[in-house]
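Trainee: curious how this folds, go ahead:
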Amino acid sequence: MFPEFTREVRGNTSIWIERKLVGSTLVDRLADPDRLLADPECEIIKDQKKTTVGRVTLGLHPVPYAIYIKRYNVFSLRHRLVSPFVMSGALRALHGATVLRRCNIPSAVPLGAVERRFWGVLAKSFFISEEITGGKTVDAYWRDELRLLPGTAGAKQRRDFLIRLGQLFQILHGRQIYHNDLKDANILAARRQQTTAFFLLDLEGVRQYVRLSEKRRLKNLVQLHRTFGRYLRGPDKLVVLKEYLGNSFGARSIRRQWIKNIVRQSERLNRAKGASG
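Mentor: Prediction:
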């Protein structure tokens, strides 16, 4: 299923580990992610009903090694009943990471996945990845690193950032890849070699299709518009869309239709969210 990973079974626990780590002391530590999450030195980034995310630094020689652990909790009877027939959240994330790696799209480097099942019923699962050093979500990166930069140089850096963000979406969709929750909080930005690199998070919803539908393409653009779009002016949003559409942006009717669809769908979702809230 995952050619770059080796599966090891220990009682009720199955471990998929990156082949380069096989035989290392790290494997034993990754085999019990709950213990790592309970470590007093572990920083809990998110603790919700469905998922828990923690960051822990392992004191490995010659330098400390920071990793992220995402635990998928089985929180309902229905989830338990269907779990023998579906992949766990951790394995779906590992699959998503494999798709992105095959297509040369950056994400946090996956180290492995862990499942605990009893008679085939899933109890919990874990996805483990390397830390992305210097990474911030795109909204935080924009606010902290770019928004207040003065003068022509600052304007150029902001424009370059938006161009690269549009390129990311264009590359994803050009390779028929869909991420079902492509909001600003699931895209990390980090400075790499005098430019900005983007890394995708929450990979359990990543799929590659034979042909990506316009509906899914629109949904991703709406997700970005409803989140990161809150910090942008109209001209800034057009920079992203122009890079995404490429030559099609020059056709006024096509450009206007995309803008209309993005705005209309965003407003519809905002109304629905407001009503449910």
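Trainee: now the residue most central in space within the chain, nearest residue through space, not along the chain?
Mentor: Per C-alpha atoms, centre = their mean, the C-alpha nearest to the average position across the chain is that of residue 201, at 1.6 Å. Excluding its sequence neighbours, the residue lying closest to residue 201 (C-beta to C-beta, 6 or more residues apart in numbering) is residue 186, at 4.6 Å. C-beta: built from backbone N, CA, C; applies to glycine.
Trainee: same deal with residue 110?
Mentor: residue 97 (4.2 Å).
Trainee: what about that neighbour, neighbour count?
Mentor: Counted with other C-beta atoms under 10 Å, the neighbours of residue 97 add up to 26.
Trainee: repeat for the one 3 residues further on
Mentor: The tally of other residues near residue 100 (other C-beta under 10 Å) stands at 23.
Trainee: what about it, distance to residue 208?
Mentor: As judged by C-beta to C-beta, to the nearest Å, residue 100 and residue 208 stand 9 Å apart.
Trainee: tell me, what's touching those two both at once?
Mentor: residue 177 (C-beta atoms under 8 Å, 6 or more residues apart in numbering).
Trainee: low-scoring stretches of this protein, by residue?
Mentor: The model of the chain has pLDDT under 70 over residues 23, 60-62, 275-277.
Trainee: quick one: what helix or strand has residue 54 in it?
Mentor: Using DSSP states H and E, the element containing residue 54 is strand 51-58.
Trainee: which elements pack onto that strand?
Mentor: helix 33-38, strand 43-47, strand 65-73 (3 or more C-beta pairs under 8 Å, 6 or more residues apart in numbering; DSSP states H and E).
Trainee: for residue 138, which of these is the nearest?
Mentor: Nearest to residue 138, of all the helices and strands packed on strand 51-58, is strand 43-47, at 16.9 Å by C-beta to C-beta.
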